[in-house]
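Colleague: Below is the sequence, then the predicted model.
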Amino acid sequence: MSRFHRHEDGTGHGHADLGEGRTSRHSHGGAPPAAEGSCGRGLSVSAAVPDHSGYGTGAGRVEVLEAIFDENDRLAAANRADFDAAHVRVVNLMSSPGAGKTMLLRRTLQRLAGKVRVGIVEGDIETSLDADRLQGFGAAIALVNTGQGFGGECHLDAPMVRSALPRLPLQDLDLVVVENVGNLVCPAEFGIGEHARAMVYSVTEGEDKPLKYPVMFRSVNLVVINKIDLLPHLDFDLGLFLKNLGEVNPGVATITVSARTGEGVDAWCAWLSDVAPFPAGP
Ligand SMILES: Nc1nc2c(ncn2[C@@H]2O[C@H](COP(=O)(O)OP(=O)(O)OP(=O)(O)O)[C@@H](O)[C@H]2O)c(=O)[nH]1
Ligand SMILES: [Mg+2]
């Protein structure tokens, strides 16, 4: 039996822990089990289907994937050990492209400037555009372009995050937020040694995405529902979205936010302060 299966408890929860230091063996360094149809890594892909993934097919493909995920597990554990040794807490922030991760982080850094020592690992395939947007708020920023030496991957994994750590003064930080590459699927499959996972979800994305992309929604401790300033202009049904979300991740925490207006950002900062105890304050 492959290791790529759901948790025995059937929930698929608990891949990233929120303050209790749990880890899961059925994970890629804290990530949920790999799912079908992402990154060319879905193990349900039939050998009869033409393979363009570069990983091959059949048993050889499984071996390559096992090796990739084993290496990710190993370096995620190493990352976690370094974070814990430095007493820094780490949040993996994920979303589809453009949901508002960077804008939310700008707001966050504004709120926390001078109170909390924040580091950012900024993940993008190309460009320093987002890293540049986060400058000027006193945070230490380490950019990882996956297009530069990491094959242009659509997610950050533990080795990539590890490559950024020498550029962050971990001993002098309270909180590190990793802005993952914008992608609603693949980032959820790779633990990076984080203590908690959050995703930003834009109300412009519709109500159905938790059902269509369950791996990401199932893997997170918090869903930040962003761009609520746009609600008057949309037919987005928040109740239906929450119902769909509850089907894949019952009881998951949610916060409604407008990174544009600042509404809800205090609640988000309060959640961060639960992960990395600090005075959230307005
Ligand atoms: N109206 C509105 N627009 C927002 C809000 N948050 C972000 N945006 C806009 O949405 C667009 C994408 O925001 P980003 O912060 O770049 O999104 P992102 O998730 O970091 O995008 P990637 O890093 O490319 O995946 C920008 O034009 C933002 O100005 C919001 O709360 N309300
Ligand atoms: Mg961004």
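Modeller: On my side now, so go ahead. Residues are numbered from 1 along each chain as shown. Ligands and ions are numbered 1, 2, ... in the order given.

Colleague: Where do the helices of the stretch 151-282 of the chain begin and end?
Modeller: Secondary structure of the stretch 151-282 of the chain by DSSP state H, counting those that start in this stretch: the helices cover 158-164, 209-212, 214-219, 238-248, 265-275.

Colleague: Quick one: closest of those to ligand 1.
Modeller: helix 265-275 (9.6 Å; Cβ to the nearest ligand atom). Quick note: C-beta positions are derived from backbone N, CA and C, even for glycine.

Colleague: so does the closest one get close to ligand 1?
Modeller: No - using Cβ under 6 Å from any ligand atom, helix 265-275 stays clear of ligand 1, with a minimum separation of 9.6 Å.

Colleague: Centre of the chain to that helix, how far?
Modeller: Computed by Cα atoms, centre = their mean, to the nearest Å, the chain-centroid distance of helix 265-275 equals 16 Å.

Colleague: what's the answer for stretch 61-68, then?
Modeller: 23 Å.

Colleague: Flag the shaky bits of the chain, pLDDT-wise.
Modeller: Within the chain, the stretches with pLDDT under 70 are 1-57, 279-282.

Colleague: and it, which residues reach ligand 2?
Modeller: Contact residues (Cβ under 5 Å from the ion) of the chain with ligand 2: Lys101, Thr102, Asp130.

Colleague: rerun at 6 Å
Modeller: Residues of the chain found near ligand 2 (Cβ under 6 Å from the ion) are Lys101, Thr102, Asp130, Glu179.

Colleague: for the helices of the stretch 151-282 of the chain, which one ends up most surrounded?
Modeller: Comparing the helices of the stretch 151-282 of the chain by mean neighbour count (mean count of other Cβ atoms under 10 Å), helix 214-219 ranks first with a mean of 24.

Colleague: And that one, what does it pack against?
Modeller: Packed against helix 214-219 by the contact rule (3 or more Cβ pairs under 8 Å, 6 or more residues apart in numbering; DSSP states H and E) you find strand 196-202, helix 238-248.

Colleague: Now distance to Gly149 too, for the ones you listed, in a markdown table please.
Modeller: Converted to a markdown table, those look like this (distance: least, Cβ to Cβ, whole Å):
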| stretch | distance to Gly149 |
| --- | --- |
| strand 196-202 | 25 |
| helix 238-248 | 34 |
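
Colleague: possible to save these as CSV with distance to ligand 1?
Modeller: Formatted as CSV, the helices and strands packed on helix 214-219 follow (distance: least, Cβ to the nearest ligand atom, whole Å):
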stretch, distance to ligand 1
strand 196-202, 6
helix 238-248, 14
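
Colleague: Quick one: residues contacting the residue in the chain that ligand 2 sits nearest to.
Modeller: For the chain, the residue closest to ligand 2 is Thr102, as judged by Cβ to the ion, at 3.3 Å. Thr102 sits next to Asp130, Arg133, Leu134, Glu179 when contact means Cβ atoms under 8 Å, 6 or more residues apart in numbering.

Colleague: among the helices of the stretch 151-282 of the chain, which is nearest Gln110?
Modeller: Of all these, helix 265-275 sits nearest to Gln110, with 8.7 Å by Cβ to Cβ.

Colleague: Now do the closest one against strand 196-202, angle only.
Modeller: In terms of direction (axes from the mean of the first three to the mean of the last three Cα atoms, to 10 degrees), helix 265-275 departs from strand 196-202 by 160 degrees.
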